[in-house]
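J.: need a structure here:
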Amino acid sequence: MTLTTVGYGDICPSSDMTHIGRIFIVLLSFCGLGMFCGPVMDFASSWTQDVPGGAIGAALTTLALGVGLFTILEDFSEVEAAYFSVVTGTTIGYGDYSPNSDAGKIAAALFAILVINVTGGLLEPACTFLSYYCSKDDSNLIEEGIVHVKRE
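T.: Residues are numbered from 1 along each chain as shown. Below you'll find the model as predicted:
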(Lines give C-alpha, C1' and ligand atoms only; values in the text may rest on other atoms or scores of the structure.)
Protein backbone atom coordinates (compact mmCIF):
# COMPACT_ATOMS: atom_id res chain seq x y z
CA MET A 1 0.00 0.00 0.00
CA THR A 2 3.02 2.29 -0.33
CA LEU A 3 1.55 3.73 -3.51
CA THR A 4 -1.41 5.29 -1.68
CA THR A 5 0.22 6.10 1.70
CA VAL A 6 -2.19 3.80 3.53
CA GLY A 7 -0.30 1.76 6.11
CA TYR A 8 -2.12 -1.05 7.89
CA GLY A 9 1.04 -2.32 9.57
CA ASP A 10 0.53 -5.86 8.29
CA ILE A 11 3.26 -5.80 5.66
CA CYS A 12 6.63 -4.61 6.91
CA PRO A 13 10.07 -4.80 5.34
CA SER A 14 12.16 -7.48 7.02
CA SER A 15 15.09 -6.53 9.21
CA ASP A 16 17.52 -8.40 6.94
CA MET A 17 16.68 -6.29 3.87
CA THR A 18 19.70 -5.10 1.87
CA HIS A 19 20.57 -1.42 1.47
CA ILE A 20 19.47 -1.56 -2.17
CA GLY A 21 16.10 -2.96 -1.06
CA ARG A 22 15.68 -0.11 1.45
CA ILE A 23 16.57 2.48 -1.22
CA PHE A 24 13.98 0.92 -3.54
CA ILE A 25 11.27 1.12 -0.83
CA VAL A 26 12.07 4.78 -0.13
CA LEU A 27 12.02 5.69 -3.84
CA LEU A 28 8.76 3.79 -4.32
CA SER A 29 7.26 5.72 -1.39
CA PHE A 30 8.24 9.09 -2.85
CA CYS A 31 6.95 8.14 -6.30
CA GLY A 32 3.64 7.08 -4.80
CA LEU A 33 3.34 10.28 -2.77
CA GLY A 34 4.24 12.42 -5.77
CA MET A 35 1.61 10.74 -7.88
CA PHE A 36 -1.14 10.98 -5.29
CA CYS A 37 -0.36 14.48 -4.03
CA GLY A 38 -0.31 15.91 -7.53
CA PRO A 39 -2.26 14.83 -10.59
CA VAL A 40 -4.36 12.12 -8.98
CA MET A 41 -5.70 14.40 -6.24
CA ASP A 42 -6.40 17.13 -8.82
CA PHE A 43 -8.37 14.56 -10.79
CA ALA A 44 -10.11 13.46 -7.61
CA SER A 45 -11.92 16.77 -7.27
CA SER A 46 -12.67 17.30 -10.97
CA TRP A 47 -15.15 14.47 -11.60
CA THR A 48 -17.77 15.28 -8.95
CA GLN A 49 -19.96 17.38 -11.27
CA ASP A 50 -20.17 14.56 -13.84
CA VAL A 51 -21.40 11.80 -11.52
CA PRO A 52 -25.13 11.34 -10.86
CA GLY A 53 -25.60 12.18 -7.20
CA GLY A 54 -22.31 14.07 -7.09
CA ALA A 55 -19.66 13.33 -4.51
CA ILE A 56 -22.17 12.09 -1.93
CA GLY A 57 -23.64 9.57 -4.38
CA ALA A 58 -20.15 8.39 -5.33
CA ALA A 59 -19.18 8.10 -1.64
CA LEU A 60 -22.22 5.99 -0.79
CA THR A 61 -21.70 3.77 -3.82
CA THR A 62 -18.01 3.34 -3.02
CA LEU A 63 -18.80 2.56 0.61
CA ALA A 64 -21.30 -0.10 -0.53
CA LEU A 65 -18.66 -1.55 -2.86
CA GLY A 66 -16.14 -1.73 0.01
CA VAL A 67 -18.65 -3.39 2.29
CA GLY A 68 -19.49 -5.93 -0.41
CA LEU A 69 -15.86 -6.67 -1.24
CA PHE A 70 -14.52 -7.06 2.25
CA THR A 71 -17.45 -8.99 3.72
CA ILE A 72 -16.90 -11.56 0.97
CA LEU A 73 -13.10 -11.57 0.62
CA GLU A 74 -12.08 -11.02 4.24
CA ASP A 75 -15.14 -12.25 6.15
CA PHE A 76 -15.52 -8.85 7.87
CA SER A 77 -18.92 -7.94 9.30
CA GLU A 78 -20.74 -5.12 7.50
CA VAL A 79 -19.69 -2.64 10.21
CA GLU A 80 -16.07 -3.81 10.10
CA ALA A 81 -16.00 -3.57 6.30
CA ALA A 82 -17.52 -0.07 6.37
CA TYR A 83 -14.99 1.01 9.00
CA PHE A 84 -12.13 -0.50 6.98
CA SER A 85 -13.37 1.26 3.83
CA VAL A 86 -13.53 4.68 5.52
CA VAL A 87 -10.14 4.23 7.21
CA THR A 88 -8.66 3.27 3.83
CA GLY A 89 -10.30 6.24 2.08
CA THR A 90 -8.88 8.71 4.56
CA THR A 91 -5.44 7.05 4.20
CA ILE A 92 -5.18 6.51 7.96
CA GLY A 93 -4.77 2.73 8.03
CA TYR A 94 -4.77 2.09 11.78
CA GLY A 95 -3.92 -1.58 11.35
CA ASP A 96 -6.66 -2.95 13.60
CA TYR A 97 -8.28 -4.38 10.47
CA SER A 98 -6.27 -5.35 7.44
CA PRO A 99 -6.70 -7.79 4.57
CA ASN A 100 -5.20 -11.23 5.17
CA SER A 101 -5.91 -13.12 1.96
CA ASP A 102 -4.03 -12.44 -1.27
CA ALA A 103 -7.32 -11.61 -3.02
CA GLY A 104 -8.22 -9.22 -0.19
CA LYS A 105 -4.83 -7.48 -0.40
CA ILE A 106 -5.15 -7.00 -4.16
CA ALA A 107 -8.74 -5.78 -3.78
CA ALA A 108 -7.68 -3.38 -0.99
CA ALA A 109 -4.91 -1.92 -3.17
CA LEU A 110 -7.29 -1.32 -6.08
CA PHE A 111 -10.09 -0.16 -3.79
CA ALA A 112 -7.72 2.32 -2.11
CA ILE A 113 -7.07 4.08 -5.42
CA LEU A 114 -10.82 4.47 -5.96
CA VAL A 115 -11.83 5.42 -2.43
CA ILE A 116 -9.02 7.96 -1.99
CA ASN A 117 -10.21 9.74 -5.14
CA VAL A 118 -13.78 9.72 -3.85
CA THR A 119 -12.60 11.13 -0.51
CA GLY A 120 -10.74 13.85 -2.41
CA GLY A 121 -13.98 14.68 -4.22
CA LEU A 122 -15.80 14.96 -0.89
CA LEU A 123 -13.16 17.34 0.44
CA GLU A 124 -13.14 19.60 -2.62
CA PRO A 125 -15.85 22.00 -1.29
CA ALA A 126 -13.88 22.44 1.94
CA CYS A 127 -10.76 23.19 -0.09
CA THR A 128 -12.61 25.77 -2.15
CA PHE A 129 -14.07 27.38 0.99
CA LEU A 130 -10.71 27.58 2.75
CA SER A 131 -8.92 28.83 -0.38
CA TYR A 132 -11.46 31.62 -0.75
CA TYR A 133 -11.17 32.84 2.83
CA CYS A 134 -7.42 32.34 3.14
CA SER A 135 -6.76 34.40 0.03
CA LYS A 136 -8.76 37.41 1.22
CA ASP A 137 -7.17 40.24 3.13
CA ASP A 138 -8.39 41.20 6.61
CA SER A 139 -10.30 44.29 5.49
CA ASN A 140 -12.63 42.20 3.29
CA LEU A 141 -13.15 39.69 6.10
CA ILE A 142 -14.03 42.53 8.50
CA GLU A 143 -16.51 44.02 5.98
CA GLU A 144 -18.22 40.65 5.56
CA GLY A 145 -18.49 40.21 9.33
CA ILE A 146 -16.32 37.10 9.39
CA VAL A 147 -13.64 38.74 11.53
CA HIS A 148 -14.79 40.93 14.37
CA VAL A 149 -12.65 43.80 15.57
CA LYS A 150 -12.94 44.98 19.15
CA ARG A 151 -13.04 48.76 19.09
CA GLU A 152 -11.83 50.62 22.12
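J.: counting neighbours, what do you get for Phe70?
T.: Residues contacting Phe70 under the criterion other CB atoms under 10 Å number 26. In this view, the C-beta of every residue, glycine as well, is placed from N, C-alpha and C.
J.: got the contact list for the residue lying closest to it once chain neighbours are set aside?
T.: Among residues not flanking Phe70 along the chain, Ala81 sits closest, at 3.9 Å (CB to CB, 6 or more residues apart in numbering). Listed by CB atoms under 8 Å, 6 or more residues apart in numbering, the contact partners of Ala81 are 66-71, 74.
J.: could I get these in CSV, plus columns for pLDDT and secondary structure?
T.: Formatted as CSV, those follow (pLDDT from 0 to 100; DSSP: H, G, I helix; E, B strand; the rest coil):
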residue, pLDDT, secondary structure
Gly66, 96, helix
Val67, 96, helix
Gly68, 97, helix
Leu69, 96, helix
Phe70, 97, helix
Thr71, 97, helix
Glu74, 96, coil
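J.: low-confidence stretches in the chain?
T.: For the chain, the stretches flagged by pLDDT under 70 are 1-17, 22, 25-49, 127, 133, 135-152.
J.: helices or strands up against the biggest helix by length in it?
T.: The longest helix of the chain (DSSP state H) is helix 102-134. In terms of contacts (3 or more CB pairs under 8 Å, 6 or more residues apart in numbering; DSSP states H and E), helix 102-134 is packed against helix 39-44, helix 54-73, helix 78-89.
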